[in-house]
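Undergrad: sequence and predicted structure below; questions after.
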Amino acid sequence: MYSLVRVLVSGLLLLAACAQPVAPTGGPKDTTPPEVIRSVPENQSVNFSDDRVTLTFSEFISLKDINNQLMVSPPLSEQPDFQQRGKNLIMRFKEPLKDNTTYNFFFGDAIVDLTESNPLAAYNFTFSTGPVIDSLSLAGKVINAFTRQPVKGALVMLYDSIADSIPYTTRPYYVARTNDQGAFRLANLREGEYKMFALSDLNGNYLYDMPTEDIAFADSLVRPYDLSIFQGPSVGVRLPDSSVTGPVKADVAADSSNVADTIPVSGTVQVRDSLSPDTLKAAPLRKEPSYILYHFRESDTTQRLQKGTVLRQDVVALYFRQPVKSLQLRSLKPEMEGDWLLTAYNSRRDTVTLWVPNPVSDTLMLEVTANGRVQDTLYLSLIPPPPASARGQLAVPPKRKPTLTAGISANRIKPGLPLVITSSDPLVSLDTARIRFFADTLSLKPELTFADSLKMKLMLKYPWKAGVPYRLELKDSALVSIFGYPNDSTAFRFRALTEEETGSIKLIIKAGGNSNSYIVEMLGEKESVMARHVIYGDAEIDFPFLSPRKYRFRAIHDLNGNGMWDTGNYLQKKQAEPVSYFHKETELRANWTVEEEWQLD
């Protein structure tokens, strides 16, 4: 009996082990997205009056990032509630819908299947609360005004009011979001004229209410069009992986091939068109216009002192939000009169370095007035905190002797250019007897001059010859800083670049015969500016002794002639200054001379 029970128990355990579920293996991966097999109401329905929409799918689904993916046009005050019941998705509205209005719900890639997260890409659901579905469209791109790169995720908005204040105070009537290529399409629009505005909406309220939000705007009112004029009859809009309904810019290009693809729309739905049937029959098919909006950030013209900091002993840096036109500094405590400090600006004039050569105290209370307005009163220590060593012990304070650097790269200098030695601090004396200059082994008398009023840039001019080694020696105490400290002995060794190891580019610019001002820049990696020229109309620019690599060129249309790129201003109806990029990279190899011709608009 005992043996029989033991056999039965063993058999039951074996059966239980065999019945445990395991994940199936093998077979192709599911890549099919879910499909909408039924909806209540039907897509493109009219006279909708319910408070919910129900979508039924071919398989179980889930919602992914629905709060960011869903775009509703016209916008709702509150996002709809979503409930899932089996294969049904119920979208319930929290507010009454407007009468006689066409609503678009663009889901992006939010609807995915439950098992593999395959998205139902760019799904769009449309209905009207009135007897007709509006059918007009607008399409285009949003690009960065300076870099000319597409802007992803910007809202493109239409308003049925022409008031300039409308983007600040009112949510748009129609809205779309740009895709990865900066493209947008505004669909199911009613006839009329609209103000168009684009916004990088940082706080998600559909209002331009933050100074760090980038914007774009059309120069004039825009009017939507019937897409069938450009793409033939029975053609409707399928919003791309940008979102629904959208905006435009001052420029119009006759090509929208990258804006959206299209699908047929059911012929049973009545649509409201802005053109009569007779006009449609007579109109020849042509490419759909594509509007371009140039995206920029308005300049905050309010000057502010952002911070002041001690760089090293008796050297202070002041950082401003905007370039400084005029600057007054007053020492409140201790009171100092006369030439008690020296100042230097960076290239943008938004950073000012101060040297206090004869401080009467270790601290300074400083009143800062910029552009005629008192910005702040700073209380600064002129002695920075001592650095800590790796073990927490106090490190040896840095030497106060001036640091010298040479303006050469990889110990090479371009023929025709001077050698510039830059000091970390302004200098008060130069002893040329303690400076020696050699061309190979031949000792020469250097011709040294200061290139700036602060005496921080020491310049050596010489007709460099290819292949000749040069050496500049500065013995200790050849230079003395404003703090009374001499330099340490140092030497700079270098050679002149040769044509065999470098190349040159000649850029021939055709500006249409005008004499407008252009800022032409040669760009390196990460769009770093390697050379800069200001021209007026047609010009030829030589870029000699360049390292072999690829180069790009950019031209700023300097409309106001101030030597810099200026952003736009919405209320002043001023677009950002135009920027053009040469259509291709220029590849340069050693011992090459490349000539490029550039036709500027």
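TA: Nice, thanks for sending it over.

Undergrad: CA atoms for contacts and neighbours, from now on please.
TA: Fine.

Undergrad: okay but residue 556 is in contact with residue 567, surely?
TA: No. With contacts counted by Cα atoms under 8 Å, residue 556 stays clear of residue 567, the gap being 11.4 Å.

Undergrad: now do the shared contacts for those two.
TA: Common contact partners of residue 556 and residue 567 (Cα atoms under 8 Å, 6 or more residues apart in numbering): residue 577.

Undergrad: between these two, point out the one with more neighbours.
TA: residue 556 (21 against 17; other Cα atoms under 10 Å).

Undergrad: shaky segments in the stretch 351-500 of the chain?
TA: Within the stretch 351-500 of the chain, the set of residues satisfying pLDDT under 70 comprises 387-398.

Undergrad: just the strands in it please.
TA: With DSSP state E, counting those that start in this stretch as the criterion, the stretch 351-500 of the chain has strands at 351-355, 363-370, 373-381, 404-406, 412-413, 419-423, 427-430, 435-439, 442-444, 448-450, 457-460, 469-474, 479-481, 490-496.

Undergrad: pick the most buried one from those.
TA: strand 479-481 (a mean of 23; mean count of other Cα atoms under 10 Å).

Undergrad: residues touching the nearest residue to residue 451 once chain neighbours are set aside, list them.
TA: Counting by Cα to Cα, 6 or more residues apart in numbering, residue 457 is the residue found nearest to residue 451 once chain neighbours are left out, at 5.4 Å. Under the criterion of Cα under 8 Å, 6+ apart, the contact list for residue 457 reads 420-423, 450-451.

Undergrad: can you check residue 469 too?
TA: Here residue 469 is in contact with 439-440, 493-496 (Cα under 8 Å, 6+ apart).

Undergrad: for the residues you listed, which one is nearest residue 105?
TA: residue 496 (65.3 Å; Cα to Cα).

Undergrad: pretty sure the closest one contacts residue 413?
TA: Yes. With contact defined as Cα under 8 Å, residue 496 and residue 413 form a contacting pair (4.8 Å).

Undergrad: in this protein, which helix or strand is least confident?
TA: Every helix and strand in the chain was compared by mean pLDDT, DSSP states H and E; the lowest is strand 271-272, with a mean of 38.

Undergrad: next, count neighbours for residue 296.
TA: Neighbour tally, residue 296, other Cα under 10 Å: 23.

Undergrad: tell me the phi and psi of it?
TA: Main-chain dihedrals, residue 296, degrees, to the nearest 10: phi -150, psi 170.

Undergrad: contacting residues for it?
TA: 144-146, 214-216, 567-568, 576.

Undergrad: from residue 480, how far off is the spatially most central residue of the chain?
TA: Centroid-nearest residue in the chain, with Cα atoms, centre = their mean: residue 144, separated by 6.6 Å. Distance, residue 144 to residue 480, using Cα to Cα, to the nearest Å: 48 Å.

Undergrad: circling back: now, which of the contacts of residue 457 sits nearest residue 550?
TA: Taking Cα to Cα as the measure, residue 550 sits nearest to residue 420 out of the contacts of residue 457, at 26.7 Å.

Undergrad: beta-bridge partners for the residue nearest to that closest one when sequence neighbours are not counted, please?
TA: Of all residues not flanking residue 420 in the chain, residue 459 sits nearest, at 4.5 Å (Cα to Cα, 6+ apart). Residue 459 forms beta bridges with residue 420, residue 449, as assigned by DSSP bridges.

Undergrad: wait, isn't residue 459 in contact with residue 472?
TA: No. Residue 459 is beyond contact range of residue 472, at 11.7 Å (criterion: Cα under 8 Å).

Undergrad: how does this protein divide into domains?
TA: 44-297, 305-381, 404-496, 503-599 (automatic domain parsing).

Undergrad: tell me the contacts of residue 542?
TA: So residue 542 contacts 504-507 (Cα under 8 Å, 6+ apart).

Undergrad: so what sits opposite it in the bridge?
TA: Applying DSSP bridges to residue 542 yields these beta-bridge partners: residue 506.

Undergrad: roughly how far apart are it and residue 419?
TA: From residue 542 to residue 419 the distance is 20 Å (Cα to Cα).

Undergrad: what does residue 45 give?
TA: 76 Å.

Undergrad: run a quick neighbour tally on the nearest residue to residue 109 once chain neighbours are set aside.
TA: For residue 109, ignoring the flanking residues on the chain, the nearest one in space by Cα to Cα, 6+ apart is residue 121 at 4.9 Å. For residue 121, the count of nearby residues is 16 (other Cα under 10 Å).

Undergrad: I'd like to know how many residues surround the residue nearest to residue 514 when sequence neighbours are not counted.
TA: Nearest in space to residue 514, with sequence neighbours left out and distances taken as Cα to Cα, 6+ apart, is residue 537 at 5.2 Å. Counted with other Cα under 10 Å, the neighbours of residue 537 add up to 16.

Undergrad: and what of residue 97?
TA: 18.

Undergrad: helix, strand or coil: sort out it for me.
TA: coil (DSSP: H, G, I helix; E, B strand; the rest coil).

Undergrad: next, it: phi, psi?
TA: Residue torsions, per degrees, to the nearest 10, at residue 97 are phi -90, psi 150.

Undergrad: that one: what's it in contact with?
TA: So residue 97 contacts residue 129 (Cα under 8 Å, 6+ apart).

Undergrad: any idea how far it is from residue 167?
TA: Residue 97 is 22 Å from residue 167, by Cα to Cα.

Undergrad: cool, and residue 466?
TA: Taken as Cα to Cα, the span from residue 466 to residue 167 is 62 Å.

Undergrad: between these two, who's got more neighbours?
TA: Neighbour totals were compared for residue 466 and residue 167, and residue 167 leads with 22 against 15 (other Cα under 10 Å).

Undergrad: distance of the more buried one from residue 173?
TA: Taking Cα to Cα, one finds residue 167 at 11 Å from residue 173.

Undergrad: now do the same contact list for the nearest residue to residue 334 once chain neighbours are set aside.
TA: Once flanking residues are discounted, residue 334 sits nearest to residue 364: 6.6 Å by Cα to Cα, 6+ apart. Neighbour list for residue 364: 331-334, 378-382 [criterion: Cα under 8 Å, 6+ apart].

Undergrad: dump the residues you listed to CSV, plus distance to residue 116.
TA: Listed next are the contacts of residue 364 as CSV, based on distance: Cα to Cα, whole Å:
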residue, distance to residue 116
331, 68
332, 69
333, 70
334, 71
378, 59
379, 61
380, 60
381, 61
382, 62
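
Undergrad: which of those sits closest to residue 299?
TA: Among those, and counting by Cα to Cα, the member closest to residue 299 is residue 378, at 25.5 Å.

Undergrad: quick one: low-confidence parts of the stretch 151-300 of the chain?
TA: Using pLDDT under 70, the flagged stretches of the stretch 151-300 of the chain are 231-286.
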